[in-house]
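In: The following comprises the amino acid sequence and a computationally predicted model.
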Amino acid sequence: MTSKASDTPRRTGRRPGPNQTRPAILRAARAAFADRGYDAVSIRSVARDAGVDPALVHRFYGSKEALFIAAMELPVAPSTLVAGVLSRASTTSASASCARSSSSSTGPRPSRRSSP
């Protein structure tokens, strides 16, 4: 009686030898983000490319954004930067709007007529 490869259960648990799981995930993530861009990459596809279960990627990194930050070695989350820029832009825009409206109420505007 012979045993087929499909009859043997797939081994679960830690891989034997030194732990190279995180570096494998990061290599797969870097390649995926570079090739397909952030929006087209999923944790599932990175896990498949790294040869690990998607749950392990979630366990190590928690979210796609956190995986991206780790893979790109960013010092801060892009969402934090965008939120800061947007809040400063809205504050600056509101200040500029107030400045324009207050300057228009101080007196008549100069005419733009050109001399003949």
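Out: Nice, thanks for sending it over. Note that the coordinates shown come from a computational prediction; the quantities given were computed from them, not determined experimentally.
In: Number of residues surrounding residue 68?
Out: Residues within reach of residue 68, counting by other C-beta atoms under 10 Å, total 20. The C-beta positions use only the backbone N, C-alpha and C, and glycine is treated the same way.
In: secondary structure element for it?
Out: Element membership for residue 68 (DSSP states H and E) is helix 64-72.
In: can you check residue 52 too?
Out: Assigned by DSSP H and E, residue 52 falls outside every helix and strand.
In: quick one: it from residue 86, how far?
Out: 36 Å (C-beta to C-beta, to the nearest Å).
In: With neighbour numbers in mind, choose between the two.
Out: Neighbours around residue 52 and residue 86, counted as other C-beta under 10 Å, are more numerous at residue 52. The numbers are 19 against 10.
In: That one against residue 27, yeah?
Out: No. Between residue 52 and residue 27 no contact is recorded; they are 11.7 Å apart, counting by C-beta atoms under 8 Å.
In: Might you list the low-confidence residue ranges for this protein?
Out: Low-confidence segments of the chain (pLDDT under 70): 1-8, 10-18, 92-116.
In: same thing but 80
Out: 1-19, 74-76, 78, 89-116 (pLDDT under 80).
In: by contact count, what packs against the helix holding residue 68?
Out: helix 21-36, helix 43-50, helix 54-61, helix 78-104 (3 or more C-beta pairs under 8 Å, 6 or more residues apart in numbering; DSSP states H and E).
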